[in-house]
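> Can you look at this prediction? I've put the sequence above it.
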Amino acid sequence: QVQLVESGGGLVQAGGSLRLSCAASGRTFSNYAMGWFRQAPGKEREIVAAINWSAGNTYYADSVKGRFTISRDNAKNTVYLQMNSLKSEDTAVYYCAQAPYSYLRATPKAADFGSWGQGTQVTVSS
């Protein structure tokens with residue numbers, strides 16, 4: 001069974017940057033696609049970014065394109081989310097997730113991912 005542990009969240013001013021990390025254990029990390037999701041109070045969980053097993057294919061929500069970058073280091077069993085030019089609307093709990101397969105669907109959704117971390121809070125002050 002996979003375990004996912006997020007870190008790197010915190011409080012940052014608008015326009016600032018944060019880098020989230022998600023360390024995976026329990027099964028061969030490089031075999032599976034990974035994703036970052038977020039959920040703000042009173043809103044549904046939404047996808048932020050996703051990456052296939054080799055990092056050759058990535059997906060970004062329109063709201064974060066050009067500001068966020070997802071990457072992975074298969075040697076370290078870790079996926080990252082670099083967040084730049086943060087806005088108050090980026091405030092949410094951010095979750096790391098692992099898909100049960102290596103590829104990405106055209107529009108990844110939460111239902112495509114079977115394993116989840118506990119989340120890390122990101123708060124952007126305006």
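Cool, got the structure. A quick note: this is a predicted structure, and the numbers were derived from the prediction, not measured.
> Closest to the centroid, which residue in the chain?
Geometric centre of the chain, nearest residue: residue 36, 1.9 Å, by Cα atoms, centre = their mean.
> Now do the host helix or strand of that one, average pLDDT.
Assigning secondary structure by DSSP states H and E places residue 36 in strand 34-39. For strand 34-39, the mean pLDDT works out to 98.
> and it, what other elements does it pack with?
Where contact means 3 or more Cβ pairs under 8 Å, 6 or more residues apart in numbering; DSSP states H and E, strand 34-39 is packed against strand 18-25, strand 46-51, strand 68-73, strand 78-83, strand 92-98. Every C-beta, even on glycine, is put in place using the N, C-alpha and C of the backbone.
> thinking again about what came up before, quick one: contacts for the residue nearest to the centre of the chain?
Residue 36 makes contacts with 20, 22, 47-50, 70, 79, 81, 94-97, as judged by Cβ atoms under 8 Å, 6 or more residues apart in numbering.
> Likewise for residue 60?
Contacts of residue 60 (Cβ under 8 Å, 6+ apart): 48, 49, 68, 70.
> Can you tell me the closest non-neighbouring residue to the third one?
If I follow you right, that is residue 68. Distances taken as Cβ to Cβ, 6 or more residues apart in numbering put residue 83 closest to residue 68, at 5.1 Å, once the chain neighbours are dropped.
> Count the residues that sit near residue 102.
13 (other Cβ atoms under 10 Å).
> what's the answer for residue 27, then?
Residue 27 has 13 neighbours, counted by other Cβ under 10 Å.
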